[in-house]
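K.L.:
Sequence below, structure please.
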Amino acid sequence: MTKLLAKTALVLAAAELAVMFALPYAGLTEHPLAYLLDPLLMLAVALGPLYLLLRGDLARLEKNKRLDAKLHAIVSDLWSASLHTVSAGALLDGILLEVLDSAPLSIQSRGAIFLVEDGELRLKSSRGFTEDHKRLCGSVPAGRCLCGKALESGETVFARGIDERHDILPPGAVPHGHYCLPIKSAGQVIGALAVYLEADAARDPDDERFLASVCAIIARILEGKKLERSLFQMQKMDALNRFAAGISHDFNNILGAVGGYASAALARLRPGDPCYEDMTEVSAAVDRGEQLTRQLKLFSRQAQDARETVDINLRMESASAMLRRLIGGGIKLETALAGAPLPVNCSPSQLDQVLLNLATNARDAMPGGGTLRLETAMEEICFVSTRQCLKAARISVSDTGEGMSEGVLERAFEPFFTTKAEGKGSGMGLAIIHGVVHQHGGEIVLRSAPGAGTRVDIYLPLAGESEGKQPEMPD
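P.N.:
Predicted coordinates for the structure are as follows:
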């Protein structure tokens, strides 16, 4: 609007100057008609240029009005969809459908939404893509093709047609243009929106602003759903913690009584007595039950072992030999440890239990062999439990195994949940890990996909980091 007013003022000023020179030239300066002719001539002179100059601006204002109406409709529809859609895949499909159906006319009804995983763009939703196209665009590294360049630069990438930047082209690709826009949250690229244009379509700032606004909306929705899932998971795990704590306490009391009577009976019996073997089985079952209650206490954060300052790198090195024997010869063990010490105040035995459980899960996920990789690094993250942003030791355990579906991933930390055959696992491995990590004031992140292996990142605050520090995160 400011530019529009400035252009109008400029044209009127130029017209007035022209009239000021024209009237003296015609000898009408002193004529009574001069007072009437001055404004009329100025308007006559200005009318044509004003029309030519303002026609484009008025058309743009009208277009922006239409785009604002579309954007308002998209916001309403997308927020409504996000409130009623549980599946992340279905939500992204709905977002893409709404965007492409409401987009400007130059945009084709083809596009895709990618999300960042492990530093790459992963295709999460597409429309108008062939199976070959979906396969080729399934994973796009930073810097590759147009969307990879948007991830790398954090800026919008535009193409009028197929050019040398198109590193990924499906068979039979027809000429088309492209907008690839980064989806950002808190300044970080978390995904990308790709839309197809008619071939040789011009870059339009208004269309670009419209799509950038759509990306901002998508980012807000994705972050909202992420927070919603995190809150639900925290509430669920808190309820399971309380349940496990109560069960372990009551179960332990019952086992104590059964174990006491079994021990008393065994003391009176001799090998060969009819009931001796039965009492031996009862005693062994009590031992297994006590082991289970110890696991439940670890999960519910009731078990308190002595803690000491441990260098995570040294602990990982000493555990490597044990893990090699555990996983067997068919699985390759790789380590990549941080160059500097990573001192953490923790229970060494519980840390070993975490590594043992993760290695066991990785081994079972790779029956045909594969690679188990252990990594350590120092990172600064914000811990939810203490609401502090601290330097932390990151322990990463990844495998090249079968991976987990989204449904399994959501329940992975629940006690007694397992996908293994009956008798092959108790379902307490990841539950114990979750309890130990949070008991140490840490965070755990689990990533997996079918056929893509599993990665577990554990963050433990470095020793002395939290002392005297006030919470930095908002309530």
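K.L.:
Correct me if wrong, but Pro461 is in a strand.
P.N.:
Yes: the assignment for Pro461 (DSSP: H, G, I helix; E, B strand; the rest coil) places it in a strand.
K.L.:
is it true that it touches Arg394?
P.N.:
No: judged on CB atoms under 8 Å, Pro461 makes no contact with Arg394 at a distance of 11.1 Å. In short, each C-beta sits where N, CA and C put it, glycine included.
K.L.:
Compare these two (neighbour count), which wins?
P.N.:
Each of Pro461 and Arg394 has its neighbours counted (other CB atoms under 10 Å); Pro461 has more, 24 against 20.
K.L.:
how about the nearest residue to that one, chain neighbours excluded?
P.N.:
For Pro461, ignoring the flanking residues on the chain, the nearest one in space by CB to CB, 6 or more residues apart in numbering is Leu390 at 4.8 Å.
K.L.:
partners of that neighbour in the sheet?
P.N.:
Bridge pairing for Leu390 (DSSP bridges) gives the partners Ile381.
K.L.:
how near is it to Met366?
P.N.:
34 Å (CB to CB, to the nearest Å).
K.L.:
Okay, now the unreliable bits of the stretch 251-400 of the chain?
P.N.:
251, 294-305, 384-387 (pLDDT under 70).
K.L.:
Please parse the chain into its domains.
P.N.:
According to automatic domain parsing, the chain comprises the domains 2-68, 86-203, 231-299, 308-461.
K.L.:
Put together a markdown table for those, with distance to Arg209 on each row.
P.N.:
A markdown table is the format used below for the domains of the chain (distance: least, CB to CB, whole Å):
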| stretch | distance to Arg209 |
| --- | --- |
| domain 2-68 | 8 |
| domain 86-203 | 10 |
| domain 231-299 | 33 |
| domain 308-461 | 32 |
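K.L.:
closest to Glu223 out of these?
P.N.:
domain 86-203 (5.2 Å; CB to CB).
K.L.:
re the thing from before, which stretch among the domains of the chain comes nearest Ala216?
P.N.:
domain 86-203 (7.7 Å).
K.L.:
Could you give the average pLDDT over the closest one?
P.N.:
Averaging pLDDT along domain 86-203 yields 85.
K.L.:
With respect to Val214, which of the domains of the chain lies nearest?
P.N.:
That would be domain 86-203 among those, by CB to CB, at 5.5 Å.
K.L.:
which residues does the residue nearest to Gly401 when sequence neighbours are not counted contact?
P.N.:
Take Gly401 and drop its neighbours on the chain: the residue closest to it by CB to CB, 6+ apart is Ala365, 3.0 Å away. Neighbour list for Ala365: Asp399, Gly401, Glu402, Gly403, Gly453, Thr454 [criterion: CB atoms under 8 Å, 6 or more residues apart in numbering].
K.L.:
So which of those sit within strands?
P.N.:
Of the contacts of Ala365, the ones assigned to strands by DSSP state E are Asp399, Thr454.
K.L.:
Any quick PyMOL command for the buried ones out of the contacts of Ala365?
P.N.:
The buried residues among the contacts of Ala365 can be selected in PyMOL (16 or more other CB atoms under 10 Å) with this line:
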select buried, resi 399+401+402+403+453+454
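K.L.:
could the contacts of Ala365 go into TSV alongside distance to Ile162?
P.N.:
Formatted as TSV, those follow (distance: CB to CB, whole Å):
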residue	distance to Ile162
Asp399	39
Gly401	39
Glu402	38
Gly403	34
Gly453	34
Thr454	38
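K.L.:
right, and Ile331 touches Pro367 too?
P.N.:
No: applying CB under 8 Å as the test, Ile331 and Pro367 come out as separate, 9.9 Å apart.
K.L.:
And those two? Which one has more around it.
P.N.:
Taking neighbours as other CB under 10 Å, Ile331 and Pro367 compare with Ile331 leading, 22 against 11.
K.L.:
Specify the beta-bridge partners of that one.
P.N.:
According to DSSP bridges, beta-bridge pairing links Ile331 with Gly370.
K.L.:
let's have the chain start at 16 instead
P.N.:
Fine by me, first position is 16 from now on; the one you just mentioned is Ile346.
K.L.:
how about it, what does it touch?
P.N.:
Counted by CB under 8 Å, 6+ apart, Ile346 has contacts Ala377, Arg378, Met381, Gly384, Gly385, Thr386, Leu387.
K.L.:
Need the nearest residue in space to the fourth one, chain neighbours excluded.
P.N.:
Just to be clear, that refers to Gly384. Here the residue nearest Gly384, using CB to CB, 6+ apart, is Gly345, at 4.0 Å.
K.L.:
Return the distance of the one you found relative to Pro382.
P.N.:
9 Å.
K.L.:
Now Val451: which helix or strand?
P.N.:
Assessed by DSSP states H and E, Val451 sits inside helix 444-454.
K.L.:
and that helix, what does it pack onto?
P.N.:
helix 291-314, helix 363-380, strand 458-463, strand 469-476 (3 or more CB pairs under 8 Å, 6 or more residues apart in numbering; DSSP states H and E).
K.L.:
Figure out which of those is closest to Thr391.
P.N.:
It is, among the helices and strands packed on helix 444-454 and with distance given as CB to CB, strand 469-476, at 9.9 Å.
K.L.:
what's in contact with the closest one?
P.N.:
133, 327, 359, 361, 369, 373, 376-377, 380, 394, 396, 398, 401, 403, 405-414, 416, 418-419, 448, 452, 455-463.
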